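> Give the three-dimensional model of this entry:
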Amino acid sequence: MDAFDCDFFVIGGGSGGVRAARTAAQLGARVVLAEAAALGGTCVNVGCIPKKLYSYAAEFADDFADAAGFGWEVGTPRLDWDRLKTRRAGEITRLNSVYEHLLRTAGVRIERGWAQFTGPQSVQVQSAEGSRTFRARHILIATGGTPSVPDFPGRELVLTSDHMFDLDPFPRRLVVVGGGYIACEFASIFQGLGAQVTQLYRGEQVLRGFDHEVRDFVAHEMRKHGVDLRVHAQPREVRREGGALAVVLEDGGVLHADAVLYATGRTPNTEGLGLEAAGLAVDERGAIAIDGHYATAVPGVYAVGDVTARLQLTPVALAEAMAVVDRLFGSGRRSVGYELVPTAVFTHPNIGTVGLTEAQARERHGEVAVFRSEFRALKHTLSGSSERTLMKLVVDCATDRVLGLHMVGAEAGEIVQGFAVAMVAGATKAQFDATIGIHPTAAEEFVTLREPVARGAGSGGGPVVASDAG
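So this is what the prediction gives:
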C-alpha cells in the first residue's frame with residue numbers, strides 16, 4: 001500500500017502553484033493544491049491583471065485629449081470610479097473560476113484552507129470544516145510574496161498595493177512612497193484617473209536596476225504627465241489632521257493627502273507555513289533557499305516564484321513551475337534562463353526592456369556600441385501631445401550580438417516581447433539591420449538604427465539621436 005496520499009502537494013494557488021499542479025496532474029501525478037484565498041494569487045487578484053486594467057482606464061484620459069487633434073469633439077469626460085471597480089471585480093471573479101475549472105478538469109484536488117508543514121513530507125490543511133493531514137511524495141512551496149511596510153509613526157494609516165483597487169472614496173490627493181516599478185505604475189495610474197499624485201523616493205532616481213537613460217527619461221515623462229515626482233524625499237511621519245492625512249517629510253515639509261500608498265518592497269510569504277517542522281529555514285531576505293533545480297535543503301521539498309525572491313515576475317514563476325514538474329514527472333530537460341527575461345512597466349508611457357543595461361554590458365563585456373533614438377511618435381504630430389519615445393540598443397563590439405534592448409513609449413511591452421525572441425536566439429546587430437521594418441511604426445526604429453552614439457568601455461554618454469522623420 002502506498003504510504004503517500006499524493007505524489008505532489010502544492011502549497012499556494014497563485015500563478016506558479018496552479019501551473020505546477022495542473023501540469024503535474026496532466027502527466028498522471030496525484031496532485032493536491034491548498035489555497036486559503038482566491039485562486040490566482042497576487043497577479044490575478046491584486047497585481048498584474050487588475051493593475052493593467054486600471055492602466056488602460058487611466059490611458060483614456062490622454063486619449064480623450066488627443067482625439068481633438070484628429071477632429072473629434074469630445075465632451076468633458078468623467079470617471080465613474082465605482083463602475084470601474086465593479087467591472088474589474090467581475091473580471092477577476094471570472095478568472096478565479098477559470099483557474100478552478102482548469103485545475104479540476106486536470107484532476108487536481110483543491111483543498112480550501114491554510115496549509116502548514118507538520119513534518120518533512122506531511123502537510124496539514126486547516127479550514128472552517130476542520131483539518132486534514134496529507135503525506136506527500138513531493139511538496140512544492142509556491143506561496144508568493146506580500147507588500148512590506150517599514151516601521152514608522154503612522155504606519156497603521158498607510159495603504160499597500162493590495163488595497164488600491166477598491167478604495168472608497170476615490171483619493172483626490174494621493175501620496176505614493178517608493179521608487180520601484182509598483183510605485184511608479186500606481187503613481188501613473190492614479191494621476192491618469194484624475195488624482196493629484198505626489199511620489200516620494202529617497203534615492204537619486206526611480207527604477208533602480210533599469211538602464212540609466214530609461215530611468216531619467218521615464219521620470220521626465222511622468223512629470224510631464226502631471227506626477228509630482230520628488231527624489232531625495234522621505235516621509236518621517238504620517239498622522240491624521242481633520243479628515244485628511246498629513247505626511248511629514250524628513251526636511252520638515254508637510255503634504256496633505258486623502259490616501260498614502262507605501263510601495264517600498266515585498267517580502268516572501270513564509271510566515272505560518274510551519275517551515276521549522278519540515279526542517280526548513282529562510283535566508284536573510286526571508287526567502288526559502290533553493291538550488292539550481294528549485295530544491296530546498298529538505299529532500300522532496302521545492303520552492304518557486306516570489307517566495308524564493310530570485311526574480312519576482314509572474315512569467316518567471318510559471319517557467320520555474322514547469323521546470324520542477326518536468327524534473328519530477330517528465331523528461332527532466334526543461335530549464336529556465338534568467339539572462340534575457342523581458343519585462344514591462346506600465347507607467348505612462350510604458351517601459352519595455354530585455355537584456356543588459358548599458359552599465360551592465362560595459363562591466364561584463366568591455367567595449368560596447370550604443371544606439372539610441374528619441375522621437376515624437378507619429379500619433380502625436382496631430383494629437384499635440386509632447387510625449388516622446390526612447391529606444392536603445394546595446395551591442396557587444398566583439399561579437400555584434402545585441403545585449404540589451406530598451407524602450408519607453410506606447411505599447412513598449414508588446415513591441416519588446418517580439419524582440420526578446422530574437423535576442424534569445426542570439427540576434428546580432430547585423431541581423432537587426434538586415435530586417436525590413438514595418439512602416440510607419442515605432443517598432444521599426446529598432447531595425448533602422450545605423451550610427452552608434454557611444455562606443456567603448458567607458459561610462460557611456462553622447463548625444464541622443466533625434467529621429468522625428470517618418
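
> quick one: the nearest residue to Thr448 once chain neighbours are set aside from Ala454, how far?
In space, and not counting its chain neighbours, Thr448 is closest to Gly437: 5.6 Å by C-beta to C-beta, 6 or more residues apart in numbering. For every residue, glycine as well, the C-beta is placed using N, CA and C. Remark: distance between Gly437 and Ala454 (C-beta to C-beta, to the nearest Å) = 23 Å.

> ok, the two, which is more surrounded?
A direct count of neighbours by other C-beta atoms under 10 Å for Gly437 and Ala454 places Ala454 higher, at 18 against 13.

> Okay, and the beta partners of that one?
Here Ala454 sits in beta bridges with Val370, as judged by DSSP bridges.

> quick check: domain ranges of this structure?
The chain resolves into domains spanning 6-146+267-329, 155-264, 349-456 when parsed by automatic domain parsing.

> First-to-last residue distance for the shortest one?
Which is domain 349-456. Criterion C-alpha to C-alpha, to the nearest Å; first-to-last residue distance in domain 349-456 is 30 Å.

> Dihedrals phi and psi, Ala34?
When read as degrees, to the nearest 10, the backbone of Ala34 gives phi -110, psi 130.

> That one against Ile11, yeah?
Yes - with contact taken as C-beta atoms under 8 Å, Ala34 and Ile11 are classed as touching, separated by 5.6 Å.

> so what sits against both of these two?
With contacts taken as C-beta atoms under 8 Å, 6 or more residues apart in numbering, the residues that reach both Ala34 and Ile11 are Ala115, Val123.

> Show me where the stretch 351-470 of the chain has its strands.
Counting by DSSP state E, counting those that start in this stretch, residue ranges of the strands within the stretch 351-470 of the chain are 351-355, 368-375, 389-396, 402-408, 454-456.

> Would you single out the least confident of the ones you listed?
Ranked by mean pLDDT, those end with strand 454-456 at the bottom, a mean of 83.

> on contacts alone, who are the packing partners of it?
strand 368-375 (3 or more C-beta pairs under 8 Å, 6 or more residues apart in numbering; DSSP states H and E).

> and Thr267, what is it in contact with?
Residues in contact with Thr267, defined by C-beta under 8 Å, 6+ apart, are Gly145, Thr146, Ser148, Arg285, Gly286.

> Could you do Val316 as well?
Gly305, Arg310, Val336, Tyr338, Val341.

> rerun at 6 Å
The contact partners of Val316, by C-beta atoms under 6 Å, 6 or more residues apart in numbering, come to none.

> hang on, Gly352 packs against Met407?
Yes - with contact defined as C-beta atoms under 6 Å, Gly352 reaches Met407; the gap is 4.6 Å.

> out of those two, which sits in the busier spot?
A count of neighbours by other C-beta under 10 Å puts Met407 above the other of Gly352 and Met407, at 29 against 24.

> residue contacts, the more buried one?
By C-beta under 6 Å, 6+ apart, the residues touching Met407 are Gly352, Met391, Val416.

> repeat that for 10 Å
Under the criterion of C-beta atoms under 10 Å, 6 or more residues apart in numbering, the contact list for Met407 reads 214, 344, 349-354, 373, 389-393, 413, 415-416, 419, 442-443, 445-446.

> just to revisit the earlier point, with secondary structure and neighbour count as extra columns, can I get the contacts of Thr267 in CSV?
Compiled in CSV, these are given as follows (DSSP: H, G, I helix; E, B strand; the rest coil; neighbours: other C-beta atoms under 10 Å):
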residue, secondary structure, neighbour count
Gly145, strand, 23
Thr146, strand, 17
Ser148, coil, 14
Arg285, coil, 11
Gly286, coil, 15
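
> ok, which pair from those is furthest apart?
Spatially, the most separated pair among the contacts of Thr267 is Thr146 and Arg285, at 13.3 Å (C-beta to C-beta).

> Common neighbours of these two, please.
Counting by C-beta under 10 Å, 6+ apart, the common neighbours of Thr146 and Arg285 are Thr267, Pro268.

> Not counting its neighbours along the chain, what's nearest the most centrally placed residue in the chain?
The residue at the geometric middle of the chain, judged as the C-alpha nearest the mean C-alpha position with C-alpha atoms, centre = their mean, is Leu313 (5.4 Å). Leaving out its chain neighbours, the residue that sits closest to Leu313 by C-beta to C-beta, 6+ apart is Thr343, at 6.1 Å.

> doesn't Thr353 make contact with the one you found?
Yes - the pair Thr343 and Thr353 passes the contact test of C-beta atoms under 10 Å, sitting 6.0 Å apart.

> higher neighbour count, the two?
Using other C-beta under 10 Å as the criterion, Thr343 and Thr353 rank with Thr353 on top: 24 against 17.

> top helix in the protein by residue count?
Looking only at the chain and at elements set by DSSP state H, the helix with the highest residue count is helix 81-106.
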